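**Student:** What follows is a predicted protein model with its sequence.
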Amino acid sequence: MLHMNPETAEHLAETMRDIGRRARAAARRLATATGAEKAAALRAMAAAVRRRTPEILAANAIDIAEMKTGGQAASFLDRGTLTEARVADIAKALDEIAALPDPVGRVLAAWERPNGLKIERVATPLGVIGIIYESRPNVTADAGGLSLMAGNAAILRCGSDSHASSTAILEALHEGLAESGLPEDAIQLVPTRDRAAVGLMLGGLDGCIDVIVPRGGKSLVARVQSEARVPVFAHLEGICHVYVDKAADLDMAIAITVNAKLRRTGVCGSAETLLVDRAVAGTHLVPILAALAARGCEIRATNEIRALYPDAVPAVDADWSTEYLDAIIAVKLVDGVEEAIEHVETFGSHHTESIVTEDAAAAERFLNGIDSAIVMHNASTQFADGGEFGMGAEIGIATGKMHARGPVGVEQLTSFKYRVRGTGQLRP
């Protein structure tokens, strides 16, 4: 734990309170902004990101050099690295968010009471969203853009390993906001790397923060969930599974498993466990494992599997509940879809699971029996992403069951209120 002298601590506290007050004022303006105003701001932000690509990449080079000096793992380096293509994707995501329907003001339900009262449930902004994240500088734009489209102000606290990159991206976002006439305080970045700022955000900044969204490693998310005094949208781990059913097409099973594990190993939608129906162990297992190994993936498996594939490393109990975020996968044989469901429910983190099968009944049993935020049939778990869901981007994946679940996009960043219209009714 960091210890600060009282004068320094009070200065940081006042800085954070000021950020909260300015965010609350910006949120009031955004709550009445039209969809056209917000879309114009997002397009201007995207254009500014494209113009400032050289500056963003230069700042990112500073972050990556510091991460390498600090001995950061390959998965963190991958998450933190920006390229011209990745910066272009950041701008593209902002344009895609701009093209989404305005989620604010949607009439979610409407009815009339016998006494003539007309009642509507209408989508409203949440207010001020605090986002605490590590490594991924693209979150600066994704979170800021999604919050803006949903009529919310955002207070961003990036990791120390992406501070230069996030600051450069924020400057582009502020340029776009200024051009469009919306307040720059709509998206603010905590200006210090001091971890004490996180604790202040978790306290709610004197009621200015309405919800916290953490994106990062297990220790960060666990701290947020433990200490936050405001609601939290989060997932603790992404222990995702691919189940290859006895009715799976072999070529499809190979392609999906390899993509689900190895497309990007450092993302939360990367598969960490492979379950294979024992009925096709003789035909499907070895080709799938060989395809993974050929691409550099370490196989950790039961003795039963090692008898068929000796190159596998012996699995231990901890492997079934480990988020590797690396080119490692745990493999187990199961007796059909019911045992696969039982394994996922016992060891999974309620994030994302996929079944590979041509049996429609088995697929439906899996889709209905798994209590995860995202459940897939014949598709890679790496599609667990708001952009891939057509949300433009995501602010994170939520595995809880209250308010938001799965990719948190603009609709999930709204609440609602009731509008009641009468003609002079009195309650007897």
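**Tutor:** Nice, I can see it. Bear in mind that the values here come from a model prediction, so they are computed numbers and not experimental data. Numbering: from 1, shown residues only.
**Student:** Only C-alpha atoms from now on, for both contacts and neighbour counts.
**Tutor:** Fine.
**Student:** per-residue confidence at residue 21?
**Tutor:** Looking at residue 21, its pLDDT reads 97.
**Student:** what packs against the helix or strand hosting it?
**Tutor:** Applying DSSP states H and E as the criterion places residue 21 in helix 6-31. Here helix 6-31 touches strand 128-133, strand 153-157, strand 187-189, helix 196-202, going by 3 or more CA pairs under 8 Å, 6 or more residues apart in numbering; DSSP states H and E.
**Student:** Would you format the ones you listed as JSON lines with mean neighbour count and mean pLDDT included?
**Tutor:** Converted to JSON lines, the helices and strands packed on helix 6-31 look like this (neighbours: other CA atoms under 10 Å; pLDDT from 0 to 100):
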{"stretch": "strand 128-133", "mean neighbour count": "26", "mean pLDDT": "95"}
{"stretch": "strand 153-157", "mean neighbour count": "29", "mean pLDDT": "97"}
{"stretch": "strand 187-189", "mean neighbour count": "24", "mean pLDDT": "98"}
{"stretch": "helix 196-202", "mean neighbour count": "20", "mean pLDDT": "95"}
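**Student:** Next, format the ones you listed as JSON lines and append distance to residue 18.
**Tutor:** Below are those laid out as JSON lines (distance: least, CA to CA, whole Å):
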{"stretch": "strand 128-133", "distance to residue 18": "13"}
{"stretch": "strand 153-157", "distance to residue 18": "11"}
{"stretch": "strand 187-189", "distance to residue 18": "11"}
{"stretch": "helix 196-202", "distance to residue 18": "12"}
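**Student:** Of all the ones you listed, which one comes closest to residue 378?
**Tutor:** With CA to CA, the closest approach to residue 378 among the helices and strands packed on helix 6-31 belongs to strand 128-133: 31.1 Å.
**Student:** Can you identify the element that follows the closest one toward the C-terminus?
**Tutor:** helix 138-149.
**Student:** Just list what that next one packs against, helices and strands only.
**Tutor:** Here helix 138-149 touches helix 35-51, helix 84-98, strand 128-133, strand 153-157, helix 163-180, going by 3+ CA pairs under 8 Å, 6+ apart.
**Student:** which one of those is the most hemmed in?
**Tutor:** Stretch with highest mean neighbour count among the helices and strands packed on helix 138-149: strand 153-157 (a mean of 29; mean count of other CA atoms under 10 Å).
**Student:** CA atoms of stretch 38-54 as PDB?
**Tutor:** Taking C-alpha atoms only, stretch 38-54 is exported to PDB below (Å, rounded to 0.1, in the frame of the first residue of the first chain):
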ATOM      1  CA  LYS A  38     -23.400  13.200 -30.100                       C
ATOM      2  CA  ALA A  39     -22.900  11.600 -33.500                       C
ATOM      3  CA  ALA A  40     -21.200  14.700 -34.800                       C
ATOM      4  CA  ALA A  41     -18.900  14.800 -31.800                       C
ATOM      5  CA  LEU A  42     -17.900  11.100 -32.300                       C
ATOM      6  CA  ARG A  43     -17.200  11.600 -36.000                       C
ATOM      7  CA  ALA A  44     -15.000  14.600 -35.100                       C
ATOM      8  CA  MET A  45     -13.200  12.600 -32.500                       C
ATOM      9  CA  ALA A  46     -12.600   9.800 -35.000                       C
ATOM     10  CA  ALA A  47     -11.200  12.300 -37.500                       C
ATOM     11  CA  ALA A  48      -8.900  13.800 -34.900                       C
ATOM     12  CA  VAL A  49      -7.600  10.300 -33.900                       C
ATOM     13  CA  ARG A  50      -6.700   9.700 -37.600                       C
ATOM     14  CA  ARG A  51      -4.900  13.100 -37.900                       C
ATOM     15  CA  ARG A  52      -3.000  12.500 -34.700                       C
ATOM     16  CA  THR A  53      -1.900   9.000 -35.500                       C
ATOM     17  CA  PRO A  54       1.800   9.900 -35.600                       C
END
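**Student:** name the helices or strands packed onto the worst-scoring helix or strand of the chain on mean pLDDT?
**Tutor:** Least confident helix or strand, the chain: helix 74-80 with a mean of 82, by mean pLDDT, DSSP states H and E. If you count contacts as 3+ CA pairs under 8 Å, 6+ apart, helix 74-80 packs onto helix 53-69.
**Student:** in the helix it packs on, what's buried?
**Tutor:** The neighbour-count check on helix 53-69 (16 or more other CA atoms under 10 Å) flags 53, 56-57, 59-61, 63-64, 67 as buried.
**Student:** shaky segments in the protein?
**Tutor:** For the chain, applying pLDDT under 70 flags the ranges 1-7.
**Student:** Contacts only, for the closest residue to residue 270 other than its chain neighbours.
**Tutor:** Of all residues not flanking residue 270 in the chain, residue 261 sits nearest, at 5.1 Å (CA to CA, 6 or more residues apart in numbering). Taking CA atoms under 8 Å, 6 or more residues apart in numbering, we find residue 261 in contact with 270-272, 327, 329.
**Student:** Kindly recompute the last result at 10 Å.
**Tutor:** Applying CA atoms under 10 Å, 6 or more residues apart in numbering to residue 261 gives the contacts 240-242, 267, 269-274, 292, 297, 325-329, 380-382.
**Student:** Which of these fall in strands?
**Tutor:** The strands, defined by DSSP state E, take in 240-242, 271-274, 328-329 from the contacts of residue 261.
**Student:** Quick check: the farthest pair among those?
**Tutor:** 242 and 328 (13.7 Å).
**Student:** For these two, indicate the residue with more neighbours.
**Tutor:** Per other CA atoms under 10 Å, whichever of residue 242 and residue 328 has more neighbours is residue 242, with 31 against 22.
**Student:** From residue 248, how far out is the more buried one?
**Tutor:** Counting by CA to CA, to the nearest Å, the gap from residue 242 to residue 248 is 12 Å.
**Student:** anything in contact with each of the two?
**Tutor:** The contact lists of residue 242 and residue 248 share 276, 355-356, 378, where a contact means CA under 10 Å, 6+ apart.
**Student:** Need those in CSV (columns: secondary structure and neighbour count).
**Tutor:** Conversion of the shared contacts of residue 242 and residue 248 to CSV gives the following (DSSP: H, G, I helix; E, B strand; the rest coil; neighbours: other CA atoms under 10 Å):
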residue, secondary structure, neighbour count
276, strand, 28
355, strand, 29
356, strand, 27
378, coil, 19
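**Student:** Of those residues, just say which sits nearest to residue 340.
**Tutor:** Closest to residue 340, out of all of the shared contacts of residue 242 and residue 248 and judged by CA to CA, is residue 276, at 8.4 Å.
**Student:** I appreciate the help and will end here.
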